[in-house]
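A.B. asks: Return atomic coordinates for the entry below.
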Amino acid sequence: MKGKFIVFEGVDHSGKTTQIDKAMKYLASKGRDALRLREPGGTDIGEKIRELLLDKANMKMAPKAELCLFFASRAQLVHEKVLPALEAGQDVIMDRYVYSTAAYQGAAGVKSPVGIVAFSEEWLMLPIPDLVVFLDGDPEVLGKRHRGEKDRMELKGVEYQRSVRACYHQVFGNWPGPYRIVNAEQAMDEVAAEIRGILSMAVAGSPS
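C.D. replies: Next up, the predicted model:
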């Protein structure tokens with residue numbers, strides 16, 4: 001049997017990294033073998049693309065060029081890592097996927113968010129996740145958690161992040177999919193407990 005394809009999404013500073021850490025430990029405690037990947041990146045080619053996308057020296061990058069780079073990284077990751085793992089029966093836990101592209105590049109006005117997802121599924125034929133966990137919250141509230149230097153995407157400001165959040169909701173409200181929205185403004189342990197319940201249902205009946 002194929003593994004489960006589980007995606008974590010969220011606006012900046014929503015706590016994705018922390019919650020994925022906890023999710024990986026939870027799945028391991030249930031005897032599941034899970035591969036953790038991130039976007040953009042996850043492969044030698046993808047990591048080089050990631051450097052281009054996040055480098056503050058590239059603030060003048062055209063939105064359409066940005067979109068194409070994200071798709072290039074994703075296509076390589078799916079071909080090289082995601083599909084082989086799923087076929088081998090391994091779960092794949094993804095830190096961002098096409099929904100991030102729909103939200104962030106949709107907010108930049110490249111194409112409608114729903115149109116970006118449709119393009120990915122219908123033309124690029126990217127695999128559809130078994131579960132998408134979206135960590136949602138007010139970008140201004142979540143941004144107060146941030147410590148350290150900001151990357152190129154974070155430097156676009158809180159209003160851009162609000163547009164990103166609106167694009168996420170546009171996708172989840174208008175495109176079919178296994179979406180579960182979690183309030184990321186809750187305490188970290190409360191978020192983790194809610195996600196454990198979601199994961200428990202997602203892998204129920206699957207081989208350990």
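
A.B. asks: mind listing the helices for the chain?
C.D. replies: 16-29, 44-54, 63-77, 83-87, 98-107, 113-122, 139-143, 158-174, 188-203 (DSSP state H).

A.B. asks: Packed most tightly, which of these would that be?
C.D. replies: Ranked by mean neighbour count under mean count of other CB atoms under 10 Å, the helices of the chain are led by helix 98-107, which reaches a mean of 26. (C-beta placed from N, C-alpha, C; glycine too.)

A.B. asks: quick one: contacts of that one?
C.D. replies: 7, 9, 11, 39, 63, 66-67, 70-71, 74, 111-114, 116-117, 120-121, 126, 132, 134, 153, 160, 163-168, 170-172 (CB atoms under 8 Å, 6 or more residues apart in numbering).

A.B. asks: and with 6 Å instead?
C.D. replies: Under the contact criterion CB atoms under 6 Å, 6 or more residues apart in numbering, helix 98-107 has outside partners E9, L67, F70, P113, I116, V117, S120, S163, V164, C167, Y168, V171.

A.B. asks: From the residues you listed, which shows the smallest pLDDT?
C.D. replies: Looking at those by pLDDT, the weakest one is S120, with 88.

A.B. asks: quick one, what contacts that one?
C.D. replies: V98, L126 are the contacts of S120 under CB under 6 Å, 6+ apart.

A.B. asks: and with 8 Å instead?
C.D. replies: So S120 contacts F71, R74, V98, T101, L126 (CB under 8 Å, 6+ apart).

A.B. asks: Roughly how far does G109 sit from R196?
C.D. replies: 37 Å (CB to CB, to the nearest Å).

A.B. asks: And for E39?
C.D. replies: 23 Å.

A.B. asks: and L131, bridged to which residues?
C.D. replies: Beta-bridge pairing of L131, defined through DSSP bridges, involves I6.

A.B. asks: Now do it, the pLDDT please.
C.D. replies: L131 is given a pLDDT of 98.

A.B. asks: Isn't it up against F8?
C.D. replies: No: the criterion here is CB atoms under 8 Å, and L131 misses it with F8 at 9.4 Å.
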